[in-house]
Structures are given as C-alpha cells and as structure tokens.
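[1] pasting the sequence and the predicted model now:
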Amino acid sequence: MGKYLIKRIAYALLLLFLVSILIFILVRLLPGDPVSNAGLSYFSNPKAMAEFRALYNLDKPIATQYVFWLIDFFSGNWGKSLGSGEPVMSMFLRRLPVTIELFLGATFWTFLIGFPVGIIGALRRNTKWDAFLTTTSIIGVSFPPFWEGIVFIYLFGVIFKIFPPSGFVAFFESPWENLLSIFMPTFIMGTSSAGLLARWVRSSLLEVLGQDFIRTARAKGASVQRMIRKHAFKPAMLPVTTVIGLSWAEITAGAFIIEFMFAIPGLGRMGVDAVFARDFPVLQVILVIVALNIIVMNFLVDLVYGLLDPRIRVEK
C-alpha cells in the first residue's frame with residue numbers, strides 16, 4: 001500500500017504542475033489588456049500603467065512570470081485583485097465557506113437520491129418502478145443545470161414564491177433563511193449527478209447480483225438486506241466510486257453557473273466576475289483551486305479503489 005500511495009501522490013503532483021502551467025498560459029491568452037480592463041481610470045497615464053505592469057510582473061517574460069507566481073502561490077501571497085485591490089487570499093477565504101456549503105448540500109442530494117434510486121431499480125428490475133426510476137434518472141442527467149435553474153426560479157421563486165429566487169443568507173445570521181436560500185441551488189447541482197449515480201449503481205449492482213457467490217448466499221437463506229449489505233454492496237462500489245469522483249467534479253464545475261444565476265457570493269461567482277473583469281490574479285487562483293480540488297478527489301477515489309480491491313494496490 002505504501003508504494004501504491006507514493007505513486008499516486010507523484011502522479012497527482014505532476015498533473016497539478018502541468019495543469020497550473022496550462023491555466024497560467026490560457027488566462028493570459030484572454031482577449032484584451034488586463035491593465036486597461038481593470039477599470040482604473042487613472043491608468044490613462046502611460047507611466048502609471050508601466051509601473052502597474054512592473055508591480056504584477058507583466059513586463060517580464062511569461063516563463064519568469066510563472067516562476068514568480070508559483071513561488072508566491074505556495075508562500076500564500078496570491079496577489080491582489082486588479083479591480084478592487086483587495087488581496088486574493090482574503091477574497092478566497094471570505095467566499096470559501098459559501099461554496100463549501102453548496103458543495104455539501106449538492107453532495108447530500110446526490111447520495112440521497114442516487115443510491116436509493118439505483119438500488120430500488122436493481123432489485124425491481126423490469127418492473128414499473130424500474131422503468132419510472134430509470135426514466136427519471138435519464139431526465140436528471142439530460143437537463144443542463146442552467147435550464148433547471150431558470151425553471152426552478154420561475155416556478156418556485158416567482159410564481160409560487162416558496163423559495164427566494166436569488167441571494168444568500170449566512171447560516172449564523174438566520175438558519176431557516178439560509179436553508180431556503182440554498183435549497184434550489186443545491187438541489188439543482190445534486191440532481192444531475194444523482195441521475196448519473198443512480199444509473200451506475202443500478203447497472204453495477206445488477207452485474208454483481210448475477211454472480212455465483214450471490215446465488216450461493218441466496219441458497220443459504222440470506223435476506224435481501226443482508227445479501228446487499230454483506231455480499232453485493234462492496235464489489236458493486238468499484239465502478240460506482242469512479243462515478244462519485246466524476247460527480248464531485250461536476251458539482252465543482254457547476255458551481256460557476258449556479259452561483260452566478262442565484263447571485264450567491266461563492267468562489268464560482270467570484271470566478272465568473274473575474275472573467276468579465278479580466279482580473280487574471282483572481283481567475284488563475286480560482287482555476288488552480290478548482291483543478292486541485294478535482295485532482296484531490298481523483299486521488300481519494302484511487303485510494304478507495306485500493307481499499308476496496310487489493311489487486312489494484314499489489315506491486316508485481
């Protein structure tokens with residue numbers, strides 16, 4: 001297990017390094033001049049603009065800029081926003097709890113819907129329940145989150161007025177209003193991932209239930225609950241674990257759209273605002289954090305794979 005762990009960490013660090021280079025280059029390929037688009041009117045003076053470029057190392061070769069940025073990033077100096085002048089680290093820490101709350105809420109809906117729907121579909125194969133749940137899962141996967149957001153806002157925020165159509169209230173300010181403000185965003189982020197998870201749970205569980213050791217457990221008189229819990233669930237989780245990692249990545253990426261649509265002050269909204277403002281110090285930090293989050297999730301999936309299946313971590 002030690003060699004397997006070291007190898008996966010090395011792969012993750014290498015991937016993060018390559019992704020950081022790609023992000024750094026792509027951010028600087030965005031159209032427009034970052035200094036001119038920063039919204040600072042006093043930069044009409046060429047001398048002031050040159051000093052500002054020197055402050056952000058924009059007057060140096062791109063390779064030198066990357067080295068300076070990489071050193072500053074790991075030392076905790078993430079620079080300042082071109083528009084507001086606020087340290088990016090402060091902006092990130094202020095908005096991070098909001099995004100974490102949305103992520104946890106979306107994960108809650110994903111697991112709450114995905115696992116029961118997949119298990120019931122597998123146990124009630126080729127029945128009306130199976131057809132209904134499978135169709136519902138396909139619908140959940142097919143509808144894009146931004147379309148769901150528009151429908152939910154119009155129905156439950158404008159017509160029926162059950163939930164606020166936009167905005168965010170912190171939990172410690174008002175727990176009830178906080179739950180109302182995050183219900184629609186987290187549900188929309190979770191339903192698409194739940195549909196994908198349900199389909200994989202169903203197909204994986206059906207494959208395991210058709211194997212010989214399951215028939216042996218049935219012949220010995222094992223109940224359905226015990227058969228799934230003790231015999232079928234663990235081997236069925238191997239492919240499902242990968243889907244869970246993909247679902248978390250999808251939730252992370254979907255936060256950009258959902259937070260912007262619902263005017264939620266999280267990291268996704270911060271990243272979208274940075275794109276429009278051409279605020280590259282903020283944008284590249286957000287993209288690197290998102291990439292790091294996905295890489296860590298994939299790393300955890302690899303570890304869970306090694307725990308579920310000892311064959312994966314065996315070194316020949």
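    Sure thing, it's come through. This is a predicted model, so every value here is computed, not measured.

[2] which of the helices and strands in the chain ranks last by mean pLDDT?
    helix 310-313 (a mean of 61; mean pLDDT, DSSP states H and E).

[3] buried stuff in stretch 97-115?
    Going by neighbour count (16 or more other CB atoms under 10 Å), the buried part of stretch 97-115 is 98-99, 101-103, 105-107, 109-111, 113-115. Every residue, glycine included, has its C-beta placed from N, CA and C.

[4] among the residues you listed, name the ones in helices.
    With DSSP state H as the criterion, helices contain 98-99, 101-103, 105-107, 109-111, 113-115 from among the buried residues of stretch 97-115.

[5] wait, which of the residues you listed is closest to residue 189?
    residue 106 (3.7 Å; CB to CB).

[6] contacting residues for the closest residue to that closest one other than its chain neighbours?
    The shortest distance from residue 106 to any residue other than its chain neighbours is 3.7 Å, reached at residue 189 (CB to CB, 6 or more residues apart in numbering). Listed by CB atoms under 8 Å, 6 or more residues apart in numbering, the contact set of residue 189 reads 102, 105, 106, 109, 145, 251, 254, 255, 258.

[7] could you check which helix or strand contains the spatially most central residue of the chain?
    With distances taken as CA atoms, centre = their mean, residue 252 lies nearest the centre of the chain, 1.7 Å away. If you go by DSSP states H and E, residue 252 is part of helix 233-261.

[8] mind giving me the packing neighbours of the helix or strand following that helix?
    Counting by DSSP H and E, the element after helix 233-261 in chain order, helix or strand, is helix 267-277. Under the contact criterion of 3 or more CB pairs under 8 Å, 6 or more residues apart in numbering; DSSP states H and E, helix 267-277 touches helix 88-123, helix 233-261, helix 280-308.

[9] how close does the residue nearest to the centre of the chain get to residue 102?
    Noted for residue 252: a distance of 10 Å to residue 102, by CB to CB, to the nearest Å.

[10] how about residue 306?
    In terms of CB to CB, residue 306 sits 30 Å off from residue 102.

[11] also residue 9?
    28 Å.

[12] tell me the contacts of the nearest residue to residue 299 once chain neighbours are set aside?
    Leaving aside its sequence neighbours, residue 299 sits nearest to residue 12 (CB to CB, 6+ apart; 4.8 Å). The neighbourhood of residue 12, defined by CB under 8 Å, 6+ apart, consists of 295, 296, 298, 299.

[13] now the third one: how far from residue 189?
    Distance, residue 298 to residue 189, using CB to CB: 19 Å.

[14] same check on the first one?
    Using CB to CB, one gets 20 Å for the distance from residue 295 to residue 189.

[15] also the second one?
    The span separating residue 296 from residue 189 equals 19 Å under the rule CB to CB.

[16] cool, the last one as well?
    Distance of residue 299 to residue 189, computed by CB to CB: 22 Å.

[17] once you drop chain neighbours, what's closest to residue 248?
    Distances taken as CB to CB, 6+ apart place residue 297 nearest to residue 248, at 4.8 Å, with adjacent residues excluded.

[18] which SSE is residue 171 in?
    Per DSSP H and E, there is no helix or strand for residue 171.

[19] so who does residue 185 touch?
    102, 105, 106, 149, 258, 259, 262, 264.

[20] count the residues that sit near the fifth one.
    By the other CB atoms under 10 Å criterion, the neighbourhood of residue 258 contains 24 residues.

[21] verify the contact between it and residue 268 for me.
    Yes: applying CB atoms under 8 Å as the test, residue 258 and residue 268 come out as touching, 6.9 Å apart.

[22] from the contacts of residue 189, which is closest to residue 193?
    Nearest member of the contacts of residue 189 to residue 193, counting by CB to CB, is residue 251, at 5.9 Å.
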